[in-house]
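In: Here is the input, now give the coordinates:
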Amino acid sequence: MDKTKYGKYIITELKPKIKAAPWTKVPSPEELSTVLYLDDEVVKGSFYTETAWFWPRSQADLAKDDVDVEPHKHDHDEVLAVFGTDTKNIHDLGGDLEVFLNGEKHNINKSCLIFIPAGLTHGPIRFTRIDRPVFHFAIHTGKMYF
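Out: Below is the predicted model:
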């Protein structure tokens, strides 16, 4: 962004060499495209925020994947979000997302925000169906993802 006093707070480029967390599989570009990523290395003092698109995949491709995110927990609160892209029905996720919170399974097919309190084990997390692109963002109060 512009070299102004506050231009450093406007992020328009993807952070290079983003490390994958040990509990997350590294997705292919056909599965997921990270749009923007923010953490303490991108802007000193900021907290972790990530935005991405999940792309449609066949049931066969989804079935051969294990999980996208293994069970884990953080020392800080986190919010996960998924939004469908049907302009006629913005609440329709356009897919099915399976999310486990402390072992409790949730099947999600609507756009949603998921609040995960510090210390709550979450995962596995995986799509079992994706018919249309799904926009995702994650944010937590830690300076780095892990």
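In: could you point out where this protein is predicted with low confidence?
Out: 1-2, 65-67 (pLDDT under 70).
In: mind listing the strands in it by residue range?
Out: In the chain, the strands defined using DSSP state E lie at 32-38, 49-54, 78-83, 92-101, 104-110, 112-116, 122-130, 134-140.
In: With respect to Ala60, which of the ones you listed lies nearest?
Out: Nearest to Ala60, of all the strands of the chain, is strand 122-130, at 11.7 Å by CB to CB. C-betas here are computed from N, CA, C, even on glycine.
In: other SSEs contacting that closest one?
Out: Counting contacts by 3 or more CB pairs under 8 Å, 6 or more residues apart in numbering; DSSP states H and E, strand 122-130 packs against helix 59-64, strand 92-101.
In: Need the winner for burial among these.
Out: Comparing the helices and strands packed on strand 122-130 by mean neighbour count (mean count of other CB atoms under 10 Å), strand 92-101 comes out on top with a mean of 19.
In: Run the angle between that strand and strand 49-54 for me.
Out: Counting by axes from the mean of the first three to the mean of the last three CA atoms, to 10 degrees, strand 92-101 lies at 120 degrees to strand 49-54.
In: Just tell me which of the strands of the chain ends up closest to Asp61.
Out: Asp61 lies closest to strand 122-130 among those, at 9.4 Å (CB to CB).
In: Report the distance from the closest one to the chain centre.
Out: The gap between the average C-alpha position of strand 122-130 and the chain average comes to 11 Å, counting by CA atoms, centre = their mean, to the nearest Å.
In: Please shift the residue numbers so they start at 32 in all later answers.
Out: Yes, from this point I'll number from 32; that puts the last item at strand 153-161.
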